[in-house]
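Asker: build me a model from this:
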Amino acid sequence: MTISRRSFLGAAALAAGTLTGCTTTTGAPRPTPTSSPSSSPAPVPPDWAALRGRLSGELVLPGEGGFPGAARVFNPLFDSRKPAAVASCTSPEDVAACVSVAAAARMPIAARSGGHSYAGYSNPNGALVVDLSAMSTVDFSPDGTAVVGAGTKLIDVYTALAAENRCLPAGSCPTVGVAGLTLGGGIGVLARKYGLTCDKLTSAEVVTAAGPLTASPSSEPDLFWALRGGGGGNFGIVTSLTFTTEAAPSLVVFSLRFDGGAGEVVDAWQSWLADAPDELWSNCVVSAGSPPSVRVGGCFVGSAAECSAELDRFGLSSSSRFVSSKGFLEAMRYFAGCSTSDCHASSRQAFVASSRILASPVGGSALVSLLDGLTGVDLLLDSLGGAVSAVGSTDTAFPHRTALASAQIYASGGSRAATQQVAEIRDGLGKVAGAHGYVNYIDPDMPDWAQAYYGPNLPRLRSVAEKYDPDGVFAFAQGLAGG
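Answerer: Now for the predicted structure:
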């Protein structure tokens, strides 16, 4: 059984799970570097043969066998992209060699761990793509910390930690790379109880334009601050991340179905969350139609009886109710949509998506009306609050600490109509919910994207980018360097 991204959208009819954080690190053709041409050395054309000799992994160029596969990312919409080369890196030294070549050539460079970038920033035209997928390791220590290679997929992180009876709050898409997810924040099904993925980060190894650095509270603290929510692809290439972990909890997953009244359900869901315990995480998925339909799902850290008591508080009667107790790894596989299959066997799928942030409750009827009469579009509301809001909005680069929920707008396929529908819903939701968005659902057409993604943290993030990447080596279309 292969897994499509559509099947993630709810763990389908049964699970009502969600695509939390299906992104990777980013990079794309960059703006003009901040240093002037007159003060910089002339570009040095890349010596691919020399780079190949320095790498412990493979370097693949256009026209060589294996290049189409090496350049391919999750979304087929970006298959037409033409990177200059793809380097499979197995060590920080490999990454540093690639950064040196790209900097000297003044060519784009893009890090890729899972290849799920919503805007296709993992394989830009003319770029040196730094493929981190071979850097897939999880080293667990008795003190409860785990050092994770930047190319490790989420399902492998979960599996390795579960073997130690530990967990990390993160997303539900199994083949997303842990680096990109963490750098953008890391919204997931355990966020209300344990926080964002970036909240568990204690240090990171980063290859910057000036060389390798360790970012932590005591070493390069400005960079460490920026890496926790400042988005992938900025500042440098992260090669490994050290996390604190939690004891793996017992979980109860649930799904509620409703017949009609989608706006009323959205209102009830928002009210329900207002005084929900941190142990409860939930999403509300509105699917386009005439009229739109709605389902509610989620998980509870605790017993089935406690979960049922919380569901009884919802305030509206559901047409069906599913509740099931699961272990941590079993629950993560459930939300990934691969409970009975290989979680690595996710099929590629074309899609377009965007996001907004619900800073506070919005009218359910106004929200649902945005999808009325449309087809093939879902609006996924993922609850925030709890441990997420226990951290200050400027304590890390992730700014949406006081928000009620994130909203992902998702449409299968890559037609012009689908793209237009997503944009219209995004802009309509912006009018009723506020002009904010989640950088891990990065949208190349997001209006005022920098302010939307980073809010009050934008000036400091620009300053950090200027400090660590003054020449715009890692700049890209929606990056922080160079502007």
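
Asker: what about Val176, neighbour count?
Answerer: Val176 has 30 neighbours, counted by other CB atoms under 10 Å. All C-beta spots, glycine's among them, are computed from the backbone N, C-alpha and C.

Asker: what's the spacing between it and Pro361?
Answerer: Distance of Val176 to Pro361, computed by CB to CB, to the nearest Å: 29 Å.

Asker: likewise Asn125?
Answerer: Counting by CB to CB, the gap from Asn125 to Pro361 is 42 Å.

Asker: so these two - more neighbours on which side?
Answerer: Using other CB under 10 Å as the criterion, Asn125 and Pro361 rank with Pro361 on top: 17 against 14.

Asker: contact partners for that one?
Answerer: Listed by CB atoms under 8 Å, 6 or more residues apart in numbering, the contact set of Pro361 reads 267, 270-271, 274, 404.

Asker: nearest to Arg106, of those residues?
Answerer: Using CB to CB, Leu404 comes nearest to Arg106 of those, at 43.7 Å.

Asker: which residues touch that closest one?
Answerer: 270, 273, 358-361, 383-385 are the contacts of Leu404 under CB under 8 Å, 6+ apart.

Asker: please, a ChimeraX command that selects the buried ones among those?
Answerer: Entered in ChimeraX, the line below selects the buried ones among the contacts of Leu404, by 16 or more other CB atoms under 10 Å:
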select :270,273,358,359,361,383,384,385
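
Asker: please, which helix or strand holds Asp378?
Answerer: Using DSSP states H and E, Asp378 falls within strand 377-383.

Asker: show me what that strand is packed against.
Answerer: Packing contacts for strand 377-383, counted by 3 or more CB pairs under 8 Å, 6 or more residues apart in numbering; DSSP states H and E, involve helix 262-274, strand 280-287, strand 405-412, helix 416-433.

Asker: helices and strands around the third one, which ones?
Answerer: In terms of contacts (3+ CB pairs under 8 Å, 6+ apart), strand 405-412 is packed against strand 351-358, strand 377-383, helix 416-433.

Asker: chain center to it: distance?
Answerer: Relative to its chain's centre, strand 405-412 lies at 12 Å (CA atoms, centre = their mean, to the nearest Å).

Asker: what angle do that strand and strand 351-358 make?
Answerer: Per axes from the mean of the first three to the mean of the last three CA atoms, to 10 degrees, the angle that strand 405-412 makes with strand 351-358 is 160 degrees.

Asker: just the CA coordinates of strand 405-412, formatted as CSV?
Answerer: In CSV, the C-alpha atoms belonging to strand 405-412 read as follows (Å, rounded to 0.1, in the frame of the first residue of the first chain):
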residue,chain,number,x,y,z
ALA,A,405,-4.8,27.4,15.5
SER,A,406,-2.9,27.1,12.2
ALA,A,407,-4.9,26.8,9.0
GLN,A,408,-3.6,24.9,6.0
ILE,A,409,-5.3,25.3,2.6
TYR,A,410,-4.6,22.3,0.4
ALA,A,411,-5.7,21.2,-3.1
SER,A,412,-4.6,18.1,-5.0
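
Asker: between it and helix 262-274, how big is the angle?
Answerer: For strand 405-412 against helix 262-274, the angle by the same axes, to 10 degrees is 140 degrees.

Asker: and for the last one?
Answerer: Counting by the same axes, to 10 degrees, helix 416-433 points 50 degrees away from the direction of helix 262-274.

Asker: okay, now the domains of the chain?
Answerer: With domains defined by automatic domain parsing, the chain comprises 37-131, 138-247, 249-455.

Asker: so which elements touch the strand or helix carrying Leu51?
Answerer: Per DSSP H and E: Leu51 is located in helix 48-54. Here helix 48-54 touches strand 59-60, strand 85-88, helix 92-105, going by 3+ CB pairs under 8 Å, 6+ apart.

Asker: Ala50 is nearest to which of those?
Answerer: Ala50 lies closest to helix 92-105 among these, at 8.2 Å (CB to CB).

Asker: how far does the next helix-or-strand element following the closest one sit from the chain's center?
Answerer: Per DSSP H and E, the first helix or strand lying C-terminal to helix 92-105 is strand 109-112. Remark: strand 109-112 is offset 15 Å from the chain centroid, using CA atoms, centre = their mean.

Asker: direction included, what does strand 109-112 pair against?
Answerer: Sheet pairing for strand 109-112, assigned by DSSP bridges, gives strand 128-131 (parallel).

Asker: partners of the following helix or strand past the strand it pairs with in the sheet?
Answerer: Counting by DSSP H and E, the next helix or strand C-terminal to strand 128-131 is strand 138-140. Sheet pairing of strand 138-140 (DSSP bridges) gives strand 145-149 (antiparallel).

Asker: list the contacts for the closest residue in space to Gly211 that isn't next to it in sequence?
Answerer: Excluding the flanking residues, the one nearest Gly211 by CB to CB, 6 or more residues apart in numbering is Ala96, at 6.6 Å. By CB under 8 Å, 6+ apart, Ala96 lies in contact with 207, 211-212.

Asker: could you dump those residues into CSV with distance to Arg321 added?
Answerer: Shown next, in CSV, are the contacts of Ala96 (distance: CB to CB, whole Å):
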residue, distance to Arg321
Val207, 50
Gly211, 56
Pro212, 52
